[in-house]
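Asker: Turn this into a model:
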Amino acid sequence: MRYTRHFVVYTPQIGGVRDKMTGIHTLHEIIYKLFYVYITKERDIMFEKLKKIISNSSADYTDIRYEDKTTTNIGFSGKELNTIGTNTTNGFVIRVLKKGGFATITFTKESDAIKALKIAEENAELLSRHIKKPIRLAETNVIKDNFSPKLNEDPRKISLEEKLELTRKYNAIPLQYEQIATTSTRYFDIVREKYFVNSEGSEINENLITVGTLAGLTSKDGSLLQSILSGSFGSDGFHNVRNQEENIENKTKIVLDLLKATPVQGGTYNCILNPSLAGVFAHEAFGHFSEADIIEGLPAMRAKMQIGQKMGMEKLNIIDDATMPNQLGFYKYDDEGVSVRKVHLIKNGILSGRLHSRRTAAEFGEPISGHMIAEDYRFAPIIRMGNIYIEAGDTTLDEMFEKLGNGLYIIDAKGGETAGENFTFGGQYGYIIKKGKKAGMIRDLNISGNLYQTLNDIAVIGNDFVQNKIGGCGKQQNNFRSSKGGPHILIYNLIVGGL
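Answerer: Residues are numbered from 1 along each chain as shown. From the prediction side, this is the model:
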């Protein structure tokens with residue numbers, strides 16, 4: 001059952017006559033006012049429905065989230081269009097805290113709400129009898145707000161035909177070249193209309209709108225295959241996916257050049273990482289260990305991640321800031337009704353903050369941060385990064401090449417994994433650097449190391465900050481809106497091997 005509807009209204013301006021009762025002098029304003037009243041009424045109806053459901057709860061704390069999700073997907077594989085369409089789904093998540101036990105249940109039919117609530121309460125009571133320590137939730141403000149982001153072109157107002165033709169055009173660019181073996185080009189937009197109500201009195205309506213295009217390009221020469229990604233995601237409108245022709249042309253040239261590049265020789269190198277790869281390092285190698293739910297059950301890691309611990313050079317600052325306007329990871333409230341805030345994870349080389357849920361904030365005795373995010377209505381929220389980045393320093397890229405002298409310049413991430421405090425990331429491509437100058441393109445490379453050693457081996461931080469346009473995180477659930485960034489960074493003694 002849908003509760004929120006979209007209207008696109010085109011009306012001529014009618015000037016010169018002002019209604020004495022309303023003060024409105026354009027037909028457009030009249031229709032807009034009626035539309036606003038209609039949407040406000042529907043929103044109030046939804047809040048009342050949710051409040052009525054949780055009024056039946058006997059738990060110590062209850063919250064409910066309803067979400068209406070609309071997804072548009074267009075996909076090409078080579079020259080073939082293999083996906084096109086729009087899908088709308090919706091559902092509910094209830095969480096209850098009862099007698100120290102905390103339980104979650106998801107469901108899609110409003111008629112199942114009371115049954116689902118009782119099951120969640122029974123599960124919470126059952127859990128309470130089998131845990132050593134009762135769960136507590138940190139205090140937070142009661143919030144009543146309705147928020148929709150400002151958009152530069154609302155994707156809901158762009159026809160499916162226009163989205164298709166844009167995707168087709170991007171897909172065709174690399175296919176002009178004989179050595180491009182195949183492409184995988186995708187357009188998507190995701191509209192999430194979320195309602196949150198809890199037993200403490202919070203009532204929040206927030207809309208999240210994500211738009212993206214992503215192209216995987218594969219080149220071939222005999223049995224040699226090379227691949228690269230090109231894309232742009234955004235949270236502030238359809239404009240993020242326009243005008244990507246030059247970007248795709250550049251990536252096509254690179255993937256063709258990789259067929260002639262030299263495989264990297266394994267060894268230990270001083271390396272410059274570009275902003276994209278620096279951001280991935282901040283997210284994958286460090287950021288996940290700033291998520292309290294990751295380390296709370298790992299005593300050794302928790303001991304190493306004590307607030308106040310020295311983590312790197314004095315100029316090293318790593319921040320998560322989901323309040324950054326117009327960035328991919330932007331949001332105002334998380335999925336347990338907490339206002340998100342900027343968190344200095346490392347400040348002047350010292351571990352200074354952590355990302356929390358209400359539960360982990362109470363467990364650690366640290367401030368809540370507003371970082372509980374769910375992929376959609378099918379999931380309970382978990383602690384996630386928003387916009388994580390390494391803060392810019394004061395060194396130009398040319399100065400960094402001069403400081404590097406001999407080493408490697410590695411560009412963009414290509415997969416990766418972490419195992420405890422150790423990490424391995426692929427690089428899409430790179431260059432050998434000799435006497436501060438590029439001396440040849442390299443391919444088939446990865447970098448690996450120990451998180452703590454590598455943080456301390458960051459020697460120079462560039463002044464050219466970039467927040468990546470391609471996002472995503474696969475921690476238990478998918479999250480397109482997890483963004484990462486930074487400037488160029490120079491790291492000593494990275495282990496580099498071939499793929």
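
Asker: Low-confidence bits of this protein, can you list those?
Answerer: 1-38, 499 (pLDDT under 70).

Asker: What ranges does it have for its helices?
Answerer: For the chain, the helices defined by DSSP state H cover 27-54, 113-128, 160-175, 245-257, 275-280, 292-295, 299-304, 358-364, 397-404, 451-457.

Asker: can you give me the offset of the second one from its chain's centre?
Answerer: Right, the one you point to is helix 113-128. 31 Å (Cα atoms, centre = their mean, to the nearest Å).

Asker: Name the residues of that helix that are buried.
Answerer: Within helix 113-128, the residues scored as buried using 16 or more other Cβ atoms under 10 Å are 113, 116-117, 119-121, 123-125, 127-128. Just so you know, the C-beta spots here come from the backbone N, C-alpha and C atoms, and that holds for glycine as well.

Asker: Out of the residues you listed, the closest to Ser352 would be?
Answerer: Ser352 lies nearest to Leu127 out of those, by Cβ to Cβ, at 33.4 Å.

Asker: Contacts only, for the closest residue to the closest one other than its chain neighbours.
Answerer: Nearest residue to Leu127, sequence neighbours excluded (Cβ to Cβ, 6 or more residues apart in numbering): Gly101, at 3.6 Å. Contact analysis of Gly101 by Cβ atoms under 8 Å, 6 or more residues apart in numbering lists 123-129, 131, 134-135.

Asker: Mind doing that once more with 6 Å?
Answerer: 124-125, 127-128 (Cβ atoms under 6 Å, 6 or more residues apart in numbering).

Asker: from those, which two are the most distant?
Answerer: Taking Cβ to Cβ, no two of the contacts of Gly101 sit farther apart than Glu125 and Leu127, at 7.3 Å.

Asker: sorry, back to before: can you list the buried residues of helix 113-128 in CSV and add distance to Ser77?
Answerer: CSV is the format used below for these (distance: Cβ to Cβ, whole Å):
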residue, distance to Ser77
Ala113, 41
Ala116, 40
Leu117, 44
Ile119, 42
Ala120, 42
Glu121, 47
Asn123, 43
Ala124, 46
Glu125, 50
Leu127, 45
Ser128, 50
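
Asker: So which of those residues is the closest to Ile346?
Answerer: Nearest to Ile346 among the buried residues of helix 113-128 is Leu127, at 35.0 Å by Cβ to Cβ.

Asker: Give me the distance between the closest one and Ile254.
Answerer: Going from Leu127 to Ile254 by Cβ to Cβ, to the nearest Å gives 52 Å.

Asker: Same question for Leu164.
Answerer: Distance, Leu164 to Ile254, by Cβ to Cβ: 27 Å.

Asker: what does Asn348 give?
Answerer: Using Cβ to Cβ, Asn348 is found at 37 Å from Ile254.

Asker: When these two are compared, which one has more neighbours?
Answerer: Ranked by neighbour count (other Cβ atoms under 10 Å), Asn348 and Ile254 place Ile254 first, with 20 against 14.

Asker: Just give the closest residue to that one, not the sequence neighbours.
Answerer: Ile228 (5.9 Å).

Asker: for Ile180, same thing?
Answerer: Leaving aside its sequence neighbours, Ile180 sits nearest to Pro174 (Cβ to Cβ, 6+ apart; 4.6 Å).

Asker: Give me the neighbour count for the one you found.
Answerer: Neighbour count of Pro174, defined by other Cβ under 10 Å: 27.

Asker: which residues touch it?
Answerer: When contacts are counted by Cβ under 6 Å, 6+ apart, Pro174 touches 180, 183, 217, 252.

Asker: Quick check: beta-bridge partners of the first one?
Answerer: Just to be clear, that refers to Ile180. Beta-bridge pairing of Ile180 under DSSP bridges involves Ser219.

Asker: Just give me the neighbour total for it.
Answerer: Neighbours of Ile180 (other Cβ under 10 Å): 18.

Asker: Can you give me the distance of it to Cys271?
Answerer: Relative to Cys271, and taking Cβ to Cβ, Ile180 is found at 29 Å.

Asker: and if you look at the second one?
Answerer: Using Cβ to Cβ, one obtains 30 Å as the distance from Thr183 to Cys271.

Asker: more crowded one of those two?
Answerer: Cys271 (25 against 22).

Asker: In this structure that one contacts Tyr492, no?
Answerer: No: Cys271 sits out of contact with Tyr492 when judged by Cβ atoms under 6 Å, with a separation of 8.3 Å.

Asker: Count the neighbours of the closest residue to Met301 other than its chain neighbours for me.
Answerer: Computed as Cβ to Cβ, 6+ apart, the closest residue to Met301 that is not its neighbour in sequence is Ile295, at 4.7 Å. Per other Cβ under 10 Å, the neighbour tally for Ile295 reads 20.

Asker: My read is that Ile295 contacts Ile307, right?
Answerer: No: the criterion here is Cβ under 6 Å, and Ile295 misses it with Ile307 at 11.9 Å.

Asker: Return the most buried member of the helices of the chain.
Answerer: Of these, the one with the most neighbours on average (mean count of other Cβ atoms under 10 Å) is helix 275-280, at a mean of 26.

Asker: Just give the nearest non-adjacent residue to Arg358, would you?
Answerer: Leu137 (4.2 Å).

Asker: ok, the one you found - how many residues close by?
Answerer: Neighbours of Leu137 using other Cβ under 10 Å come to 21.

Asker: what's the spacing between it and Ser357?
Answerer: Leu137 sits 8 Å away from Ser357, going by Cβ to Cβ.

Asker: where along the stretch 101-250 of the chain do the strands fall?
Answerer: Counting by DSSP state E, counting those that start in this stretch, the stretch 101-250 of the chain has strands at residues 101-107, 144-147, 180-198, 203-221, 224-234.

Asker: closest one to Ile382 among those strands?
Answerer: Closest among these, once you apply Cβ to Cβ, is strand 101-107, at 10.7 Å.

Asker: Check the burial of Asn73 by counting its neighbours.
Answerer: Neighbourhood size, Asn73 [other Cβ under 10 Å]: 16.

Asker: Quick check: beta-bridge partners of it?
Answerer: Note on Asn73: beta-bridge partners by DSSP bridges are Gly85, Phe188.

Asker: isn't Asp444 right next to Gly498, touching?
Answerer: Yes: using Cβ under 6 Å, Asp444 and Gly498 qualify as a contacting pair, with a distance of 4.9 Å.

Asker: Tell me the residues that contact both of these two, please.
Answerer: Pro263.

Asker: For these two, indicate the residue with more neighbours.
Answerer: Remark: of Asp444 and Gly498, Asp444 carries more neighbours, 18 against 12, as counted by other Cβ under 10 Å.

Asker: ok, the contacts of Pro174 vs Ala278, which is closest?
Answerer: Nearest to Ala278 among the contacts of Pro174, with distances taken as Cβ to Cβ, is Leu217, at 23.1 Å.

Asker: So the closest one sits against Ile254, correct?
Answerer: No: checked against Cβ under 6 Å, the pair Leu217 and Ile254 is beyond contact range at 8.8 Å.

Asker: Find residues that contact each of the two.
Answerer: Jointly contacting Leu217 and Ile254 under the rule Cβ under 6 Å, 6+ apart are Ile228.

Asker: returning to what we had before: what touches both of Leu137 and Ser357?
Answerer: Counting by Cβ under 6 Å, 6+ apart, Leu137 and Ser357 have no common neighbour.
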